[in-house]
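1. no sequence for this one, just the structure:
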């Protein structure tokens, strides 16, 4: 009889505890809210936390992957815009440079900005490619079910 009570108490305690998926779903809700608010850096940090804390919450991790890609895309696009603006301004400054020394420094800055611009455009293209890839994989897995 004593063992039955111990079993009942243990069963009651474990049944009240949230499952890993429920806890991960709560964190996923917070991640979605951060993304909606445009806090992309915090969104990515929270997704990293979700991945580390809940390795077996597959559905939540899959949903978080889509948010990760979207947040990364938004950050990369914003960086492309900032870099493009700085590049345009630098090109104007090169034309207005009073001496060769300053013009050469601005040309080095221009080259650096061009390299950054190209790299960030490559990041945007890669994210778009991965999103298409993930979309096909999700469609294929839904068909198999």
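-> Ah, there it is. Given the structure is predicted, the values throughout are model-derived calculations rather than measurements.

2. all contacts plus neighbour counts: C-alpha atoms, from now on.
-> Fine.

3. Can you give me the buried ones in stretch 23-30?
-> In terms of neighbour count (16 or more other CA atoms under 10 Å), stretch 23-30 has its buried residues at 23-25, 27-28.

4. Which of those residues fall in strands?
-> Using DSSP state E, no member of those falls in strands.

5. got the residues you listed as CSV, with distance to residue 129 columns?
-> Formatted as CSV, these follow (distance: CA to CA, whole Å):
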residue, distance to residue 129
23, 31
24, 27
25, 27
27, 27
28, 24
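
6. out of the residues you listed, which one sits closest to residue 104?
-> Nearest to residue 104 among those: residue 28, at 49.6 Å, using CA to CA.

7. what sits against that closest one?
-> The contact partners of residue 28, by CA atoms under 8 Å, 6 or more residues apart in numbering, come to 47, 50, 60, 64.

8. can you count the residues close to residue 73?
-> Neighbour count of residue 73, defined by other CA atoms under 10 Å: 21.

9. And the strands in this structure?
-> According to DSSP E, the chain contains no strands.

10. quick check: longest helix of it.
-> The residue-count maximum for a helix in the chain (DSSP state H) belongs to helix 100-144.

11. out of the buried residues of stretch 23-30, which are inside helices?
-> 23-25, 27-28.

12. can I get those in JSON lines with pLDDT?
-> Shown next, in JSON lines, are those (pLDDT from 0 to 100):
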{"residue": "23", "pLDDT": "87"}
{"residue": "24", "pLDDT": "87"}
{"residue": "25", "pLDDT": "89"}
{"residue": "27", "pLDDT": "91"}
{"residue": "28", "pLDDT": "92"}
